[in-house]
Structures are given as structure tokens and as C-alpha cells.
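# Structure for this input, please:
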Amino acid sequence: MNRFRALDSGVEWRAGAEFLRVEEWGPGRVRVRAGVGHLLADLPGALAEARPATGSASCSVTLPRQPAAGEELDGTTGYQAAAGTAALVSTGDLRVEISPAGMIRFRTGAGTELLAERRRHFTWPGARHFDPAGEGRYRITQLFEAYAGERLYGLGQQQHGLLDQKGAVIDLVQRNGEVSIPFLLSSRGYGLLWNSPAVGQVQLAATGTRWVSDDARQIDYWFTAGRTPAAILASYAEATGHSPVMPVWATGFWQSKLRYRSQEELLGVAREYRRRGLPLAVIVADFFHWTALGEWEFDEADWPDPQQMVDELAAMGTRLMVSVWPSVNPVSSNWAELRDRGLLIGTEFGLEANTAWTDKPSDTPAPVAFYDATHPEGRQFIWDAVHRNYGRYGIDVFWLDACEPEVIPLQPANLRFWAGRGAEVANLYPREHARAFWEGRVRAGQADGLSFARSAWAGSQRYGAVLWSGDIGTDFATLRRQIAAGLSTGISGIPWWCADIGGFHGGDPEDPAYREVMIRWFQFGALSPIFRMHGDRAPRTPLGRGITGGPNEVWSYGAEAEAIMVAYLRLRERLRPYIQQQMATAADCGLPPMRALFLEFPDDEAAWTVADQYLFGPDLLVAPILEPAAVKRTVYLPAGATWTDAWTGQTYAGGGEVTVPAPLEHIPLLLRDNARLPIATPLPDGPGTLP
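Here you go, the predicted model:
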């Protein structure tokens, strides 16, 4: 019996109730779906289009012949031993073989194996398992082979400090500081997107790779072959959506602290930057500027004239960013309508609340809910409120804090979204929240605005959202971990990224040891895609109406630190034309501005192992200082280029390590080949001159 059926651009395999569908999804790319019963075509996912327009012209399908009498199967893999007995989908440089037993193997056009499914045990039917959970849902497991020497990258943003994820077990769930984006880039020349927002795990073991969805309806993943990592990222951007080009103003310096308590306090800081002649692109009105969660408007007692504030800031060349949380307090005037229209995240058990939070009306924690960003009417509701209350002042920069959503304790299975059960769709939330603001800005004609978010999912980049690394520690070890976090975020498709300069949880501006951390972190921040100061500094204050945190401006850390930080403010200004070029590249081809070395030097085996330095664009190698009292640093220089120390002018050949000076005032920076960038001083033709 032939289990295969040809499709317009692919193949379907069936055995009893189980089905497998492999379809071309652009040249060199396929989408794989598998399940029980019938294909569900309308489940939420990350792919940007229903089907790329290139379609069948670049795809060929070959169905297997019937096995001859006495022909044997390979019991280990399920592939028939004789040639020509597997169904084949060919597209670009990718060949996908499906055995009569329904096992998949991905190869290059030349026949090199990229990835293959793996049986767990000879008694377990195939590589895919559907454990029934009722109502057409399953706990789903998908197994692939492991390969000696393979390196795996991406998977969003984690805080474990690994760049190569091989050997790690990663929870597919959104948490403060941990962002689930289920995309892997392999050193073997492929990329794989697990196209499901279900909570689960990916286990990257030596014995095999295992993807698990705790509550899902079918398997859905997208696969691409690529000759270079950059080509894989370009293909991924085509599949999940390109970022817009970052607004020019956003490449400047952003100032924030835990909380400026009033309009006058915030303006006082902005005026001081102006008085000192320091550039300031953005300043932030953080949480508790509202009357209550869910009002999405200024408290007039502390912010009496928002229009005057916005106008004065604009005259200084500074934008106001306001914090917009997705949570709603029952005392909010919007609570009843959101509840009655079904626009709050529901619960399977218990009260109509998702977590408890200390809000401005009371220092006693109150039960709050989150609006449902997966509901189209919910997205429309929050945007209408935000635009009505902030847009009238010309505000178009929004801080989307707590957008995992921050439900404590985290119990996805108790949540109920418009898009589905919590464990089935929860990871989708931060992307849809960013979508609400992107689509709202588009409708309002706010082409120059953006959003700043603490979480994301695959495809968030197409909604113009910056990601930052959440509420993190304030020491050198945490700083080191942010490099891998930022590089992994870029590989996962999110080009706009930063970490709180100095970390978030504490840090005493009067402590000499912390001042050193701040200087080194500020240097790293100046060479990050987004250059942003933030943190809850000492003396810290309890959560409540009066919370503010200690000072966190560039002059808050003593004269020596101030002088160094001001120098890096100036450096950032000189580099902004170059940075803007990298933002355009990110939008065009999915190559992030903050790049792992192997993205530019894939033929250098050592470049795949470096997790504590990076390329900022193609021409500038950045090696942050990651330990106290350091005055020099060992740097790996990729093979295939010559490298010039931007501070000393010393030139080195690539392909090995060198030790470069790193006094407190200098982060090691090396220029590739003959690149001309205004590092030590402006270029002769002016600060904006580029090659």
C-alpha cells in the first residue's frame, strides 16, 4: 500500500490516523507538520506568510516506487535500503527524504546529511510521539539525531552564559530575563524553527535532540539549509518577517533609573544633561506614573502638564518614553469593560486574576489580571487607551514592561487566552503585545516610534520592538553572561537589543568596586545596538508609592567615572552613522548589528567557540572587560583579516590570540582590515564620515 500523496509543492504521508506533511516554504526551505487525524491549518505560529510566492517553480517531488519482493527495511532508521524507495522533496539546495515508515532525513543537494529524525527505541513507533491529553490535545515529543562536533545557537535569550547551546536543556517558557524564541542555527548548515508557542522544552543532549510541547495539537516546524550562517539568518527573516529600519533618533543615548517620581524630577535630569552639553535621545517615565495599573495615563498629581514636558524635551532633542504595563488592577476604570468583553486573560481555576502586585493606590499587594494580547479586540482596546492618553501629547515611544506576561507563580496551564489554552499558546503573548503597539502606530501614522519590551517570541522583530535582558544582577559575572544573551538574541532574529547598563538589582554609586563595574558596563553599552542606562541603585527603597531607587546618571559615580562615561557618550555619537548602516542591514537581510564572530568568519573553526567578544557590524571587534582590576585582555582575532587596535594603532594578523592593553578608560576595540571608524578621535572629514 502506498502511504504517500503528492501535493502541489510537497508530500503527505499517512499511516492509520497519523499524518506527516512536508511542503516547500521558499527555496531551500520546508515546513513540516505532523499529527493525528487531520491537518489543522489555523493554529498560531511564527511564519509570516501562508506560503511564499516562489512556490512550486523551485520544488520537485518524487514519490517512492513500490518495494520489490524480498526488499528489506533498515530497522534502525526506518529507511529502505534500496535506492529510490523514499519520497523526496527537493527545493534549492535542500533534499528532504521521507521513508515508507514516515521518518525524515534532511540533506544538501550534494547528499550531505544535515539532520535526521531518530527513533527513541525500536518499540517506539517513529521519531514523533503524541501522548493524549484530551480534547484533541497532546504532549508532543519530536526526536532528532545528535552529531559529534555539532554546535547549536539561538533559542532566544537565556541567562546561563552559553553561546553554543549544545548540551543545554532550555525551557520553552517566557520569564523575566529568559526569552523563549524556539529557533536553532546549526554549525552543520541548517536552521530549525519550532513553530509552536506551546510551553515545553528543548533538550540538546549528546544522545539526541528532543523538542517537547506540553500541550499542543500537532507538530509544526520550519527547516532551511544554508551555505553560511548569514544565509540561514536571511532565510529565517524571510520566513518570520523583517524588522523595520530603526529610527535614527533611537541609536542615541537613553537615560533611565528605577523611577523618576514626578514631571519636575524627570525634567531636572534632562535639563542637567543639557547644561553639561551631553547628548540625550530618550528619557523614561517608568512605572507608577499612572493612577493605577490599567489606566494607561499620567497621574496629574505628579505629572501636571505632560504637554509642556514633552515640548520642553523635544526642544532639547529628547524623546519621552513611557512605561505601559499589560496588567489591570480591579480598581481601574477599564477593568469592568475588559472583563465583560472577555478581553482579560482568563483562568481555568480560581479568581479572575493572574497575579498579585503592589500598585500605586495601595502598598498592599492587589490581585491583578492581564489584558489578552492574543485577542484582536484586546490589542485594539489597549492601543486606543494608550493613544488617547499619551498620543495626544505626541508620545510614540512605549516601554512594554512585564510583558511575558509576569504571572507569579508561573502556572501557564491555569491561564486561558483567546488564542487557546495557556500551556498551548502562552509563549505567543509578548509578540502579540508588541503587535498591538506596532499596528496602532501604523494606523496613527507614527512611523518614527518604537516599543521597548522585556520579552519576545519568534517574529517579534517585524513589530519594531527592542528587547532588553530583564532584571539582572550587577556584577562582572552577570555582565559576561549578557554578551552571550545578546548574541543569541540576534541569532534568534531580534536585532534590537540591550542590557541595563550596570545591571538592575542594586549597585551602590558610592562603592569603588561597583563604579568599576559601571564603567566597564557603560563601555559595553556604548557598543551595543541600544545604549541605555537603567537600574535600581542603592539606596534602594521598598516597593510602594514612594519607590525611586538611588541616582543613576552619568555624574552619579564620581569624577573619574563621569569623565570616562562622557567620552563614551561622545564615541557613540561619532559611531551613529555606522550603527544606522547596521540597522539597515538588519532590516534588509536579518543580520544583527551585534554579531557572533562566526557570522562574519564561518570558515574559522575557532570563531564558533568565542562567547565573550563580538563584532559590532562587520568592521569593529569589541572585547569587553569582564573582570575587576584588568589592565589588559586576551582577544581572539578571526582568521582571514588583519586587525588594528583602534586605540594604539598596532596591527595584528588574524587567526590567533593577542593580548591588548585595556586601561580603565579603554574597552579593547579592533578594526577589520582597512576600516575607518572614528574611535579614538573623529575622522578628518568630520564625526559622521564613513569609508
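# Let me see the contact set for E348.
A413, N414, L415, R416, R421, G422 (Cβ atoms under 8 Å, 6 or more residues apart in numbering). Quick note: C-beta positions are derived from backbone N, CA and C, even for glycine.
# That should have said F349, apologies.
N414.
# which SSE is it in?
Here F349 sits in a region with no helix or strand, counting by DSSP states H and E.
# one step back: list only buried entries from the contacts of E348.
N414, L415, R416, R421, G422 (16 or more other Cβ atoms under 10 Å).
# Among those, which lie within strands?
L415, R416, R421 (DSSP state E).
# How many residues are close by the nearest residue to P304 once chain neighbours are set aside?
Distances taken as Cβ to Cβ, 6 or more residues apart in numbering place Q263 nearest to P304, at 6.4 Å, with adjacent residues excluded. A count of neighbours around Q263, defined by other Cβ atoms under 10 Å, yields 21.
# what's the answer for W555, then?
W555 has 16 nearby residues by other Cβ under 10 Å.
# next one: the one 5 residues further on
Number of residues near E560 (other Cβ under 10 Å) recorded here: 14.
# measure it to K632 for me?
Look at E560 and K632: by Cβ to Cβ, to the nearest Å, they are 19 Å apart.
# Which elements pack onto the helix or strand containing A584?
Per DSSP H and E: A584 is located in helix 559-589. When contacts are defined as 3 or more Cβ pairs under 8 Å, 6 or more residues apart in numbering; DSSP states H and E, helix 559-589 sits against helix 229-240, helix 512-526.
# repeat that with 10 Å
helix 229-240, strand 253-255, helix 512-526, strand 531-532, strand 594-595, strand 614-616, strand 620-622 (3 or more Cβ pairs under 10 Å, 6 or more residues apart in numbering; DSSP states H and E).
# What does L7 show for phi and psi?
With angles defined as degrees, to the nearest 10, L7 sits at phi -110, psi 180.
# How about it: what's its closest non-neighbour residue?
E23 (6.3 Å).
# ok, how many other residues are close to that neighbour?
Neighbour tally, E23, other Cβ under 10 Å: 23.
# I'd like the next helix or strand past the helix or strand that contains it.
Using DSSP H and E, E23 sits in strand 18-24. Later in the chain than strand 18-24, the nearest helix or strand by DSSP H and E is strand 29-36.
# what is the orientation angle of that following strand with helix 229-240?
60 degrees (axes from the mean of the first three to the mean of the last three Cα atoms, to 10 degrees).
# can you list the weak-confidence ranges in this structure?
1-2, 50, 53-57, 65-85, 683-691 (pLDDT under 70).
# tell me the domain ranges of it?
4-240, 248-589, 594-672 (automatic domain parsing).
# Turn these into a markdown table, including distance to P682.
Shown next, in a markdown table, are those (distance: least, Cβ to Cβ, whole Å):
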| stretch | distance to P682 |
| --- | --- |
| domain 4-240 | 31 |
| domain 248-589 | 6 |
| domain 594-672 | 13 |
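# and the ones you listed, which is most packed in?
Among these, ranked by average contacts under mean count of other Cβ atoms under 10 Å, first place goes to domain 248-589 (a mean of 20).
# Need the distance between the two termini of it.
19 Å (Cα to Cα, to the nearest Å).
# Tell me what angle the helix or strand harbouring A270 forms with helix 559-589.
If you go by DSSP H and E, A270 is part of helix 263-275. For helix 263-275 against helix 559-589, the angle by the same axes, to 10 degrees is 90 degrees.
# other SSEs contacting helix 263-275?
For helix 263-275, the packing partners by 3+ Cβ pairs under 10 Å, 6+ apart are strand 253-255, strand 282-285, helix 306-315, strand 319-323.
# right, so of these, which gets closest to P376?
In terms of Cβ to Cβ, the element of the helices and strands packed on helix 263-275 nearest to P376 is strand 319-323, at 23.8 Å.
# Keeping just the C-alphas, turn that closest one into PDB.
Output in PDB follows, covering the C-alpha atoms of strand 319-323 (Å, rounded to 0.1, in the frame of the first residue of the first chain):
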ATOM      1  CA  ARG A 319      12.100  61.800  23.400                       C
ATOM      2  CA  LEU A 320       9.900  60.800  26.300                       C
ATOM      3  CA  MET A 321       9.400  57.000  26.700                       C
ATOM      4  CA  VAL A 322       6.500  56.000  29.000                       C
ATOM      5  CA  SER A 323       6.100  52.600  30.700                       C
END
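# Next secondary structure after that strand?
Taking DSSP H and E, what comes next after strand 319-323 is strand 327-328.
# next structured bit after that following strand?
Past strand 327-328, the next helix or strand by DSSP H and E is helix 335-340.
# Point out the other helices and strands that that following helix packs with.
Using 3+ Cβ pairs under 10 Å, 6+ apart, helix 335-340 sits against strand 327-328, strand 366-370, helix 376-389.
# how about those in a markdown table, adding distance to I104?
Shown next, in a markdown table, are the helices and strands packed on helix 335-340 (distance: least, Cβ to Cβ, whole Å):
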| stretch | distance to I104 |
| --- | --- |
| strand 327-328 | 43 |
| strand 366-370 | 38 |
| helix 376-389 | 35 |
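# Tell me which of those sits nearest to G191.
helix 376-389 (29.2 Å).
# and the next helix or strand after the closest one, how far from the chain's centre?
With elements assigned by DSSP H and E, the helix or strand that comes after helix 376-389 is strand 397-400. Relative to its chain's centre, strand 397-400 lies at 16 Å (Cα atoms, centre = their mean, to the nearest Å).
# same deal with stretch 515-524?
24 Å.
# Please apply the same query to stretch 128-136.
Worked out by Cα atoms, centre = their mean, stretch 128-136 lies 30 Å from the chain centre.
# Can you give the contact residues for that stretch?
17-18, 20, 32, 34-37, 40, 102-104, 117, 120, 137-143, 211-212, 214-219, 421, 423-424 (Cβ atoms under 10 Å, 6 or more residues apart in numbering).
# how close does G350 get to A426?
17 Å.
# next one: A353
17 Å.
# Now do the contacts for D286.
256-261, 266, 321-323, 399, 401, 534, 547-549.
# so where do the strands sit in the stretch 401-550 of the chain?
Counting by DSSP state E, counting those that start in this stretch, the segments of the stretch 401-550 of the chain that form strands are 415-417, 420-421, 450-453, 465-468, 497-498, 531-532.
# Throw these into a markdown table and include distance to G28, thanks.
Shown next, in a markdown table, are these (distance: least, Cβ to Cβ, whole Å):
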| stretch | distance to G28 |
| --- | --- |
| strand 415-417 | 34 |
| strand 420-421 | 31 |
| strand 450-453 | 31 |
| strand 465-468 | 28 |
| strand 497-498 | 27 |
| strand 531-532 | 36 |
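# right, and these - which one's nearest I382?
That would be, of these and by Cβ to Cβ, strand 450-453, which comes in at 12.0 Å.
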